[in-house]
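S.K.: I would like to see how this sequence folds:
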Amino acid sequence: MLAASLLMVACEKEEEKIWDDSFVGFSIADEDDLNAPAEVQFINKTKNAESYHWTFPEGRIIRDGNVTQDSVTTAIQPERVFYFLPGEYQAHLKAIADGEEMEYTKTFTVKKPNPKIMHVPTGIVFDDTVTFYAEFFQYPGLEDEVTYSWDLGNGETSTDANPITTYNPPGVYTVSLELYDGVETLYASRDINVQAEIAKTLFFTNALNQSLYKKMLYTGTELPHEDVGVDVGLHALSVSVFEERIVITVAGENIRFAPTETPADGYIFTTNLNGGNRWNITATGNDHDYRDDPFVGTVGPDGTVYWVDRFQGARRLNYQEQDAEYPEPYVFHQASEGSELANLIGVSSAFGWTDGAVRIVNDELWYSKHGTGKGLYRFTTEGEWIGKIEPLFDYKIRTFEVDTQNEKIYLAINQAAGGADPGLYVCNIDGTNLNLVDSLADFSMQGGEAERTYVTEIVVDADGGYVYYPFRHEEDINFLGEIVGDGSLSGIKRWKIDGTEAPEFYVTGVIPYGVGIDHVKR
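M.R.: Below is the predicted model:
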């Protein structure tokens, strides 16, 4: 029993206060890397308390993703707290245990981020026009006070906010900026690589040697594909490129149904574009079974990695996480009989429907089902139901990709249903006007009826005019997933999106699963 006179306060030392089996305290996620404007995550570490009272002077509590005007909450812990300006702040927690109060106060700093020099286009070719701009913290009301002093590295200087220049010859140039933000003078510099020729890059996995490959999508000089030298395992089902990083989901060895106690061995990892600086974002770990292994994933525009497993729903983590705790599903994970989600879908139950793929489309999360399931669905990125693509409701959609530039959906149907046989199809972005692109004859039927691996990823280069997708021939990899050939019948196929050319092999001699594209010309 706590002493009647007990009042515990932690301010200067910011130490957790302990009394018998109770203590009060909290930590701050990424405390040393909070940049304004910041959404700060407070993690309650208090134990054996009955109630909580948080106070965030100058902070604004976030609820359901929205910034409120509240600075006080009695929740166990707030969703996040928003701080717009850089500065030093305090957060205070009062907890009640056995009728007595314990208090804890923590001081932390929200820093002003250093300015960053940016340019358009991202990839620079000699004699092309380049526009520079700065990303920095803008104090409200001081916009007219900001001044710029640029050294563009080619002998030119400028005081414009967005200077324009060209570079010749190709090579490395150093661009520097002296910026007055209305409060103080800041400095930034950046080396830029001006190239003689640049192109987008296609990345894909090869089950033959379990490595990652790349091929430059030149419109002129045709270069061979090359091994990046990254171990991706046998079943690397998806490859995504985000800024300077590649993110790969590895399903592990057990992509067929197995006994429940089969241990998980899948993971998600990232490297830089050259295959270096590798780290695991997350691994399923010893406390999970094979059903949790990550299958198909994608990366959103803010760096959030979204992925699905066999049937349990979509999960998410930021790509910067390292060895993070494996998260629980948050989208499509509660669609059992009589549930609200099942009713919204229009079925008695969608529990156990086999997962297809997830993609971020116009700031929405689109999600397909196949095998035991069907259809293509839209959610907010926070997991709230938006609706289904009605014309596609009866199709078994293993994977898909959306071309927002041309307002088309490309989808791989891996089981006959709804009047559509297996193959690669294209339709309008609203699901109408479905047409066959490639019947994918002799594609490996790896897996059973409800889990056919089939095409796990499709990429669209709308500017270049092609759709790319992996093809694994049944004489190269059998229905058990065993490699039985040399890859000569498999590879990366492509189809010209204006329909003027038949599907053709773009790369052969590899047995690919995941395929991704770096849309930045480098």
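S.K.: residues contacting the closest residue to Pro113 other than its chain neighbours?
M.R.: Nearest residue to Pro113 in three dimensions, chain neighbours excluded: Asn35, at 4.1 Å (C-beta to C-beta, 6 or more residues apart in numbering). The C-beta positions use only the backbone N, C-alpha and C, and glycine is treated the same way. Residues in contact with Asn35, defined by C-beta atoms under 8 Å, 6 or more residues apart in numbering, are Pro86, Val110, Lys111, Lys112, Pro113, Phe137.
S.K.: same check, this time on Phe351
M.R.: Ala335, Ser336, Glu337, Ser339, Ala342.
S.K.: which two among these are spaced furthest apart?
M.R.: Ala335 and Glu337 (9.0 Å; C-beta to C-beta).
S.K.: give me the more crowded residue out of the two.
M.R.: When Ala335 and Glu337 are compared for neighbours, Ala335 comes out ahead with 22 against 10, by other C-beta atoms under 10 Å.
S.K.: okay, the residue nearest to the more buried one when sequence neighbours are not counted: pLDDT?
M.R.: Counting by C-beta to C-beta, 6+ apart, Ala335 lies nearest to Ala350, which is 3.7 Å off, once chain neighbours are set aside. Model confidence at Ala350, given as pLDDT, is 91.
S.K.: cool, Thr74 as well?
M.R.: 95.
S.K.: break this protein down into its structural domains.
M.R.: As recorded under automatic domain parsing, the domains making up the chain are 7-110, 116-195, 201-518.
S.K.: how much space between Asp70 and Arg63?
M.R.: Asp70 sits 8 Å away from Arg63, going by C-beta to C-beta, to the nearest Å.
S.K.: please apply the same query to Leu179.
M.R.: With C-beta to C-beta as the criterion, Leu179 and Arg63 are 35 Å apart.
S.K.: re the thing from before, okay, and which of the contacts of Phe351 map to helices?
M.R.: Ala342 (DSSP state H).
S.K.: and which of the contacts of Phe351 is nearest to Gly356?
M.R.: Closest to Gly356, out of all of the contacts of Phe351 and judged by C-beta to C-beta, is Ala335, at 14.2 Å.
S.K.: close enough to count as contact, that closest one and Gly346?
M.R.: No. Checked against C-beta atoms under 8 Å, the pair Ala335 and Gly346 is beyond contact range at 11.3 Å.
S.K.: which ones are touching the nearest residue to Arg256 once chain neighbours are set aside?
M.R.: Leaving aside its chain neighbours, Arg256 sits nearest to Gly447 (5.8 Å; criterion: C-beta to C-beta, 6+ apart). For Gly447, the contact set (C-beta under 8 Å, 6+ apart) comprises Ile255, Arg256, Thr453, Tyr454, Phe479, Gly481.
S.K.: rebuild the residues you listed as JSON lines, extending it with secondary structure, pLDDT and neighbour count.
M.R.: Output for these, formatted as JSON lines (DSSP: H, G, I helix; E, B strand; the rest coil; pLDDT from 0 to 100; neighbours: other C-beta atoms under 10 Å):
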{"residue": "Ile255", "secondary structure": "coil", "pLDDT": "86", "neighbour count": "22"}
{"residue": "Arg256", "secondary structure": "coil", "pLDDT": "81", "neighbour count": "15"}
{"residue": "Thr453", "secondary structure": "coil", "pLDDT": "96", "neighbour count": "23"}
{"residue": "Tyr454", "secondary structure": "coil", "pLDDT": "97", "neighbour count": "26"}
{"residue": "Phe479", "secondary structure": "coil", "pLDDT": "90", "neighbour count": "14"}
{"residue": "Gly481", "secondary structure": "coil", "pLDDT": "91", "neighbour count": "18"}
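S.K.: for those, which two are the farthest from each other?
M.R.: Arg256 and Tyr454 (13.3 Å).
S.K.: my read: Ala258 touches Asp293, true?
M.R.: No. Contact criterion C-beta under 8 Å: Ala258 and Asp293 do not qualify, at 10.5 Å.
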